[in-house]
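**Q** Everything below, folded, please.
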Amino acid sequence: TLMALHGLTDEQIKNAVIAYEPVWAIGVNGIPADEGYAGEKHRMLRGTMVELFGEAGNRVPLLYGGSVNPENAVALSRCEEIDGLFIGRSAWDAERFADIMRAVLASAA
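**A** Numbers count the residues shown, from 1 in each chain. Take a look at the predicted model:
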């Protein structure tokens, strides 16, 4: 929850990074969220960050995690509300992680 951010100073919030993972998307049997769902949750998170920290809340990176894989990474990375991906299990294999990075970078070009 964002309660962990309560009481942070302006200086501390400059160093914050938020990663969101739906509980049902975590782990070996996790079901990945689609970019629509993830984008909606990130819009909500951004609004809360701005409510809590004013303009500084717009500068806190919001990452999406939760079963990010080669099949969904590009679509998630293209979602305007998502600032980056928090890649877990798919990063355990260096080649698989490199495939994700190459695909995301190619889609941004």
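
**Q** Counting neighbours, what do you get for the closest residue to residue 108 other than its chain neighbours?
**A** Excluding its sequence neighbours, the residue lying closest to residue 108 (C-beta to C-beta, 6 or more residues apart in numbering) is residue 77, at 7.3 Å. Heads up, the C-betas are built off the backbone N, CA and C, glycines and all. A total of 20 residues lie near residue 77 under the criterion other C-beta atoms under 10 Å.

**Q** Can I get the host helix or strand of residue 98 in CSV, CA atoms only?
**A** Per DSSP states H and E, residue 98 falls inside helix 94-108. Output in CSV follows, covering the C-alpha atoms of helix 94-108 (Å, rounded to 0.1, in the frame of the first residue of the first chain):
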residue,chain,number,x,y,z
ALA,A,94,20.0,-13.8,-19.1
GLU,A,95,19.1,-14.6,-22.7
ARG,A,96,15.4,-14.4,-22.0
PHE,A,97,16.0,-11.1,-20.3
ALA,A,98,18.1,-9.8,-23.2
ASP,A,99,15.3,-10.9,-25.6
ILE,A,100,12.8,-8.7,-23.6
MET,A,101,15.2,-5.8,-23.6
ARG,A,102,15.8,-6.0,-27.3
ALA,A,103,12.1,-6.3,-28.1
VAL,A,104,11.2,-3.3,-25.9
LEU,A,105,14.0,-1.2,-27.3
ALA,A,106,13.1,-2.1,-30.9
SER,A,107,9.5,-1.1,-30.3
ALA,A,108,10.6,2.3,-28.9
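
**Q** That helix packs against which elements?
**A** helix 73-77 (3 or more C-beta pairs under 8 Å, 6 or more residues apart in numbering; DSSP states H and E).

**Q** what is the rounded mean pLDDT of the following helix or strand past the helix it packs on?
**A** For helix 73-77, the following helix or strand on the C-terminal side (DSSP H and E) is strand 84-86. Along strand 84-86, the predicted local confidence has a mean pLDDT of 95.
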